[in-house]
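Engineer: Sharing a sequence plus its predicted fold:
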Amino acid sequence: MRPSSSIVAVAAIQLLGSMTILVVCGLFSADEIRLYHLYPHTYEFLDPAVYLVYMILPSSFALLGKVTSVGLLLLRDWARKAGIFLSIVPALGCALLVLLRPRSVFPPDPGQGALLLIGGGIYLLMFKYLLAILIPLSIWWLVLFTRTSVKAQFHRGVGL
């Protein structure tokens with residue numbers, strides 16, 4: 001049995017989004033390594049929360065998203081459940097970060113004015129835009145993967 005077009009669309013979006021996130025996290029990691037090698041004696045590591053929020057969690061979700069997108073195309077029920085997980089947890093985490101605004105993740109604005117939002121303002125804005133993208137996607141995926149007709153497709157795909 002072949003997956004429906006909505007499942008194929010979710011798998012494609014999930015794969016493209018996961019690849020984009022992995023590239024961004026890879027560039028961030030490469031930049032950190034490059035700075036450490038350029039200035040080994042004066043380099044200051046960022047707060048561990050920054051590495052967790054900007055590198056580790058997104059990379060983990062992206063790797064799960066890549067695996068899940070393949071599982072969705074093969075109509076595996078574990079992939080449907082992972083899709084439900086990926087529709088809830090990243091959006092919830094992003095919403096909590098926007099609401100709580102921890103100082104370790106969003107450093108205060110250094111005070112150079114509105115043109116140079118190098119501090120926490122630009123990162124907070126980035127998370128707000130991310131949340132605006134995640135909420136409709138999450139609702140779509142949650143509704144799709146919990147529909148009876150979609151569940152039936154995955155249960156027929158179990159024997160494949």
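Structural biologist: Structure's in. What do you need? Numbers count the residues shown, from 1 in each chain.

Engineer: what about the most centrally placed residue in the chain, distance to residue 149?
Structural biologist: For the chain, residue 58 is the residue whose C-alpha lies nearest the centre (CA atoms, centre = their mean; 4.7 Å). Residue 58 sits 32 Å away from residue 149, going by CB to CB, to the nearest Å. For the C-beta atoms, the positions are set from N, CA and C on the backbone; glycine is no exception.

Engineer: Kindly report the same for residue 15.
Structural biologist: On the measure of CB to CB, residue 15 and residue 149 end up 23 Å apart.

Engineer: who's more crowded, the two?
Structural biologist: Neighbours were tallied for residue 15 and for residue 149 using other CB atoms under 10 Å; the higher tally belongs to residue 15 (18 against 8).

Engineer: ok, how many other residues are close to the nearest residue to the more buried one once chain neighbours are set aside?
Structural biologist: Leaving aside its chain neighbours, residue 15 sits nearest to residue 69 (4.1 Å; criterion: CB to CB, 6 or more residues apart in numbering). Counted with other CB under 10 Å, residues neighbouring residue 69 total 24.

Engineer: Contacts only, for residue 69.
Structural biologist: With contact set as CB atoms under 8 Å, 6 or more residues apart in numbering, residue 69 has these partners: 10-12, 14-15, 18, 79.

Engineer: And the buried ones among the residues you listed, selectable in PyMOL?
Structural biologist: Selection of buried members from these for PyMOL, criterion 16 or more other CB atoms under 10 Å:
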select buried, resi 10+11+14+15+18+79
